[in-house]
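Colleague: fold the stuff below for me.
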Amino acid sequence: MKWNYEEGRIYSINEEKELMAEVTFIDTGDKEVNINHTYVNPVLRGQGVAGKMLKVTAEYLREKGLKATASCSYAHSWLLKNKESYSDIISDDINKEA
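Modeller: Residues are numbered from 1 along each chain as shown. Below is the predicted model of the structure:
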């Protein structure tokens, strides 16, 4: 998938410009963001796209020197499940979300 980056949003569209996957996050201050939404088009569900998208998001946050919490339940679970690989981008406040 080709990922597009905007402030607070990483997404992928198909050739017809249809949204295929999206994650959004809001700046919460102190170099932290809240991942508040994830979406995978129904035609791609069950193929691991959401996990790949969050890995892309985690790498992006790492490059930018940001930490994340997640009010999106999927993103919250993903961050906790992958905390060893991405401990540097997970906020100390992670357990206050979701």
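Colleague: quick one: the strands in the chain?
Modeller: With DSSP state E as the criterion, the chain has strands at 4-6, 9-13, 19-29, 32-40, 67-70.
Colleague: what bits of this protein have low per-residue confidence?
Modeller: 97-98 (pLDDT under 70).
Colleague: what residue in this structure is the furthest from its centre?
Modeller: residue 16 (23.5 Å; CA atoms, centre = their mean).
Colleague: quick one: residues contacting the closest residue to residue 43 other than its chain neighbours.
Modeller: Of all residues not flanking residue 43 in the chain, residue 20 sits nearest, at 7.9 Å (CB to CB, 6 or more residues apart in numbering). Where C-beta positions appear, they are placed from N, C-alpha and C, glycine not excepted. Under the criterion of CB atoms under 8 Å, 6 or more residues apart in numbering, the neighbours of residue 20 are 1, 11, 12, 13, 14, 40, 41, 43, 44, 49.
Colleague: quick one: the first one from residue 20, how far?
Modeller: Computed with CB to CB, to the nearest Å, the distance linking residue 1 and residue 20 is 7 Å.
Colleague: residues shared between the contacts of the two?
Modeller: Taking CB under 8 Å, 6+ apart as the contact rule, residue 1 and residue 20 both touch 12, 49.
Colleague: and residue 82, backbone torsions?
Modeller: phi -110, psi 20 (degrees, to the nearest 10).
Colleague: just give the number of residues close to the nearest residue to it once chain neighbours are set aside.
Modeller: On the basis of CB to CB, 6+ apart, the spatially nearest residue to residue 82 that is not a chain neighbour turns out to be residue 58, at 7.3 Å. Residue 58: 21 surrounding residues under other CB atoms under 10 Å.
Colleague: now residue 58: how far from residue 81?
Modeller: Separation of residue 58 from residue 81 (CB to CB) stands at 12 Å.
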